[in-house]
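In: only geometry, no sequence info:
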């Protein structure tokens, strides 16, 4: 059972996350922005992340590759070479100069990829040989969309190599100055392809039972914890999300199994992870006309069950408004709430939330372009001349 007290808490209440002191609970969610050609972080990323930094605020980077087989999206940054580490350090230094905290999300797309993103046009790796269905399309570097590639099932003896890639990337993140890393085990990407029984059809020690399907994730977490310390490691999961055909016959059972494994790992190492980040089921409901009230209640109970089971900091994400975020923190259903699209179009989202000010509308068409300014760093801030000085503090940018 998580140890939490929510009486009188809001999104603007401070929070102690292990060794890190947060001044508020509004988190920048990981967001693919496609502004890193050749997987190299660019100068525009320095401005982008710096714009969204607040003193004591937490930022999570976009999905960041850990090897040359990891990508499944155009122009995503990596953190497996010295050049990438050097470029990321400039981003991290700018964020720290604003007094903010930043975690790097480590990502392997697995079968959610295409030959164009693979060395020598090879097949993407996965837990299975089965491809993602034609229901889903992948965005290619030229802006076109195609069906996903036929994957290649990882041989059992290859899996430790992938675990080592996560460990190496985590060490590189610390070299770059990041405050920690988030292991992306959600949304139908590689780790989720092992977790979900709708994908994982293995007959070795990584398939079949819930315990076996959790093994790949836990081996990665264990290796990274041993390399950089538990309080610098976070995990993101999405047990109930079917994105990229990532279905499971028992989402709550899967979520609780993962949490049980993470709780046991924390007990064994004598230290808590930085946080558990869970995408709530309603995240993708927006594409299907929204949720009925009964579904909203079911989703809230789903998240509450996971929150109560996890022994540590719990972060929720997926379709949150200011009001829903306030309610979630006040009810104790989450310690932190991460925001995505509204943070794209509102670099000063924390201040706007604090003042309950109107939000800029995001422009979806510019989410994944290669323009270093338009739709990236050109969204307007509030006119600070119209805001009282005491209202701005401590959220000055």
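Out: The structure has been received and is ready for your questions. Quantities reported herein were computed from a predicted structural model and do not represent experimental measurements.
In: start and end of stretch 117-124, how far apart?
Out: 9 Å (CA to CA, to the nearest Å).
In: give me the buried positions along it.
Out: Buried residues in stretch 117-124, counted by 16 or more other CB atoms under 10 Å: 117-118, 123-124. The C-beta positions use only the backbone N, C-alpha and C, and glycine is treated the same way.
In: can you pick out the most distant pair from the residues you listed?
Out: 117 and 123 (11.2 Å; CB to CB).
In: and the contacts of the helix or strand residue 261 falls within?
Out: According to DSSP states H and E, residue 261 maps onto helix 251-269. Helix 251-269 is contacted from outside by 185, 195-197, 210-211, 213-214, 217-218, 221-222, 225, 230, 235, 237, 239-240, 248, 272-273, 276, 278, 281, 302, 305-306, 309-312, using CB atoms under 8 Å, 6 or more residues apart in numbering.
In: end to end, how far does stretch 60-74 reach?
Out: 19 Å.
In: pLDDT averaged over that stretch - what is it?
Out: In this model, stretch 60-74 has a mean pLDDT of 98.
In: report the distance from that stretch to the chain centre.
Out: Mean-position distance between stretch 60-74 and its chain equals 12 Å (CA atoms, centre = their mean, to the nearest Å).
In: in it, what counts as buried?
Out: 60-67, 69-74.
In: between the residues you listed, which is nearest residue 112?
Out: Once CB to CB is applied, the member of the buried residues of stretch 60-74 that ends up nearest residue 112 is residue 72, at 4.6 Å.
In: in a helix, that's where the closest one is, yeah?
Out: No - read with DSSP: H, G, I helix; E, B strand; the rest coil, residue 72 is coil and lies in no helix.
In: distance of it from residue 26?
Out: 28 Å (CB to CB, to the nearest Å).
In: swap in residue 327?
Out: 14 Å.
In: now do residue 17
Out: Residue 17 is 13 Å from residue 26, where distance means CB to CB.
In: between the two, which one's more packed in?
Out: residue 26 (28 against 22; other CB atoms under 10 Å).
In: what about the closest residue to residue 135 other than its chain neighbours, how many residues close to it?
Out: Take residue 135 and drop its neighbours on the chain: the residue closest to it by CB to CB, 6 or more residues apart in numbering is residue 245, 7.1 Å away. Number of residues near residue 245 (other CB under 10 Å) recorded here: 19.
In: looking at it, residue 245 is touching residue 187, isn't it?
Out: No - using CB atoms under 8 Å, residue 245 is not in contact with residue 187; the gap is 11.1 Å.
In: so which residues of this protein form helices?
Out: Secondary structure of the chain (DSSP state H): helices located at 43-51, 82-97, 159-175, 190-195, 210-228, 251-269, 293-309, 322-330, 341-345, 349-355, 389-392.
In: right, and these - which one's nearest residue 139?
Out: helix 341-345 (16.5 Å).
In: can you pull the buried residues of that closest one?
Out: 342-345.
In: equivalent analysis for stretch 317-325, please.
Out: Within stretch 317-325, judged by 16+ other CB under 10 Å, the buried ones are 317-320, 322, 324-325.
In: now it: how far from the chain's centre is it?
Out: For stretch 317-325, the distance to the chain centre is 16 Å (CA atoms, centre = their mean).
In: go on, stretch 52-66?
Out: 10 Å.
In: what do you get for stretch 194-208?
Out: On the basis of CA atoms, centre = their mean, stretch 194-208 sits 23 Å off its chain's mean C-alpha point.
In: next, the distance between the ends of it.
Out: Stretch 194-208: ends 10 Å apart by CA to CA.
In: which residues touch that stretch?
Out: 126-128, 130, 153, 156, 159, 185, 188, 192-193, 212-217, 237, 239, 242, 245-250, 254, 258.
In: same question for stretch 213-228, mean pLDDT?
Out: Per-residue scores along stretch 213-228 average to 98.
In: residues of stretch 163-178 that come out buried?
Out: Neighbour-count burial for stretch 163-178 flags 163, 165-174, 176-178 (criterion: 16+ other CB under 10 Å).
In: can you tell me which two in these are farthest apart?
Out: Spatial extent of the buried residues of stretch 163-178 (CB to CB) is set by the pair 163 and 177 at 24.0 Å.
In: list the contacts of residue 368.
Out: By CB under 8 Å, 6+ apart, the contact list for residue 368 reads 32-34, 73-74, 139.
In: if we go to 7 Å?
Out: 32, 34, 139 (CB atoms under 7 Å, 6 or more residues apart in numbering).
In: just curious, which of the buried residues of helix 341-345 is nearest to residue 102?
Out: Relative to residue 102, the closest of the buried residues of helix 341-345 is residue 343; by CB to CB it sits at 13.5 Å.
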